[in-house]
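Q: following is a predicted model, sequence given first.
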Amino acid sequence: MKQEIEEQVVKITFKRLLAYFAVYSFLGFIVETIFGILTKGVLESRQSCLFGPFCCIYGLGAAIMIPGLQPFKKSNWALFFAGAVEGSVIEYVISWIGEVIFQIKWWDYSNMPFNINGRITLTFTVFWGLLALCLVRFINPYIETGINKLPKKWFNILTIGFTIFLLLDLLITALGLKVFYTRLIKEHNLEVKDSQILMVSDEVMDNKIIKAFSKTIFSNEKVLKTFPNIKYEDKDGNKIITWETIFEGRYMIFDFNKNFKSNVQVISNDFIKRSLLRIKNNKKVKLEDIEFNKMFKIYSEIEHDAFYILTPHFMEKIKKLLTFKFCIVIMILKISF
């Protein structure tokens, strides 16, 4: 009898961990999406897989940290430090797996201070500590209440259904990345370390289903849209440049009859990917035309150049462009030599 009870407890605990993984992977996806908008001004994918809206590092972190932090619940400081260590270890291991096994950098903190191999950094170590505090003290009690209110039948159905969906998503994603990686190497004749491990065979690439998928769910656009931050390296450690469609439409180039010393940018406020176009060292500029400032973001390294180029008459002409349906204005007034 005692053995049956122990087995039942283990079984329920495992399902609850799967539930934690599902809930926090979804919440992590929302958090990461909001974080991307606030820090980059860009609505970009933060998914771990091609289909499900899940950021699995959060789900895995919660499934490990919730039981792992129980011995430290009596002290907030102990919770903070334990969470910082556990979260950083999880982040480092996942990053290492991506780089060593898949030759993919899911993230890169190399340009941030106090980082270790670009995989973890002090800033996010502190973030993990704060997240652990919020998780144990505030967030998880509500999640526990919600899980406990679910009828056992529905809890089992949802947990098992999520597990099957995630496994299929992971398998399809792994295949999709290998197809993408194979196409990248062949199209650009790249020499990559351990490429045979990462590539699929010619027979697989010639398969009718794979060919169809290569134009849809395995296409360059789909993969790079889902994983905008992945970076590949060749055998010498050089980064292989990937690409993403930032703008699709008509563009025009004109000569400008004024001399100026810095680049000036004028970008519609509704163009969410403006941060990807922003020239380094350019600063935000506010012009005298309040209406123009509401319609556009203006950037220039030298503020005077923006005022010099964007005269009242010129600004009125630019504003009229937005009267056209589906029109987005992106102007980059560059120095010519």
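A: Alright, I've got the coordinates.
Q: drop to CA atoms for contacts and neighbour counts, all remaining ones
A: Fine.
Q: quick one, helices of the stretch 51-200 of the chain?
A: 56-68, 76-100, 122-134, 140-149, 152-188, 195-198 (DSSP state H, counting those that start in this stretch).
Q: so where's the stretch 151-300 of the chain uncertain?
A: In the prediction, the stretch 151-300 of the chain carries residues with pLDDT under 70 at positions 190, 192-198, 229-254, 256, 270-281.
Q: circling back: figure out which of the helices of the stretch 51-200 of the chain is closest to residue 208.
A: helix 152-188 (13.2 Å; Cα to Cα).
Q: packing partners of that closest one?
A: The criterion is 3 or more Cα pairs under 8 Å, 6 or more residues apart in numbering; DSSP states H and E, and the helices and strands that helix 152-188 contacts are helix 2-40, helix 195-198, helix 220-226.
Q: from residue 54, how far out is the spatially closest residue to residue 220 that is not a sequence neighbour?
A: Excluding the flanking residues, the one nearest residue 220 by Cα to Cα, 6 or more residues apart in numbering is residue 180, at 6.7 Å. When Cα to Cα, to the nearest Å is the yardstick, residue 180 and residue 54 sit 21 Å from each other.
Q: now do residue 156
A: Following Cα to Cα, the distance that separates residue 156 from residue 54 is 20 Å.
Q: neighbour-wise, which of those two wins?
A: For the pair residue 156 and residue 54, the greater number of neighbours falls to residue 54 (24 against 16), based on other Cα atoms under 10 Å.
Q: picking up where we left off before, please list all residues in contact with the residue nearest to residue 220.
A: Neighbour list for residue 180: 218-220, 223 [criterion: Cα atoms under 8 Å, 6 or more residues apart in numbering].
Q: show me the domain layout of the protein.
A: Residue ranges for each domain of the chain read 1-242, 264-333, as given by automatic domain parsing.
Q: could you dump those domains to TSV with distance to residue 258?
A: As requested, these are arranged in TSV below (distance: least, Cα to Cα, whole Å):
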stretch	distance to residue 258
domain 1-242	31
domain 264-333	7
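Q: residues touching the residue lying closest to residue 33 once chain neighbours are set aside, list them.
A: Of all residues not flanking residue 33 in the chain, residue 46 sits nearest, at 6.1 Å (Cα to Cα, 6+ apart). For residue 46, the contacting residues are 29, 32-33, 54-55, 226-227, taking Cα under 8 Å, 6+ apart as the criterion.
Q: what subset of those is buried?
A: By the neighbour-count criterion of 16 or more other Cα atoms under 10 Å, the contacts of residue 46 include these buried positions: 29, 32-33, 54-55, 226-227.
Q: relative to residue 68, which of these is nearest.
A: Each of the buried ones among the contacts of residue 46 was checked against residue 68 using Cα to Cα; the closest is residue 55, at 20.2 Å.
Q: quick check, that closest one in contact with residue 29.
A: Yes - assessed by Cα atoms under 8 Å, residue 55 is found in contact with residue 29 at 4.7 Å.
Q: element containing the residue positioned nearest the centre of the chain?
A: Ranked by distance to the mean C-alpha position of the chain (Cα atoms, centre = their mean), the top residue is residue 46 at 3.3 Å. Assigned by DSSP states H and E, residue 46 belongs to no helix or strand.
Q: quick check: it vs residue 26, distance?
A: 11 Å.
Q: now for the two: what residues contact both?
A: 54-55.
Q: list the contacts of the helix or strand residue 292 falls within.
A: Using DSSP H and E, the secondary-structure element containing residue 292 is helix 290-295. Helix 290-295 is contacted from outside by 268-269, 286-287, 315, 319, using Cα under 8 Å, 6+ apart.
Q: show me the contacts for the nearest residue to residue 172 once chain neighbours are set aside.
A: Nearest-residue entry for residue 172: residue 50, 7.7 Å, with adjacent residues in sequence omitted and distances by Cα to Cα, 6+ apart. Contact analysis of residue 50 by Cα under 8 Å, 6+ apart lists 169, 172-173, 217, 223, 226.
Q: residue 23 and residue 90: what is the separation?
A: Residue 23 sits 18 Å away from residue 90, taking Cα to Cα as the criterion.
Q: ok, now residue 110?
A: Here residue 110 is placed at a distance of 18 Å from residue 90 (Cα to Cα).
Q: more crowded one of those two?
A: Neighbours were tallied for residue 110 and for residue 90 using other Cα under 10 Å; the higher tally belongs to residue 90 (18 against 14).
Q: let me know the pLDDT of the more buried one.
A: Per-residue pLDDT puts residue 90 at 90.
Q: make sure residue 298 is indeed in a strand.
A: Yes - the secondary structure assignment for residue 298 places it in a strand, going by DSSP: H, G, I helix; E, B strand; the rest coil.
Q: how about residue 301, nearest residue that isn't a chain neighbour?
A: What sits nearest to residue 301 in space, not counting adjacent residues and going by Cα to Cα, 6+ apart, is residue 282, at 4.2 Å.
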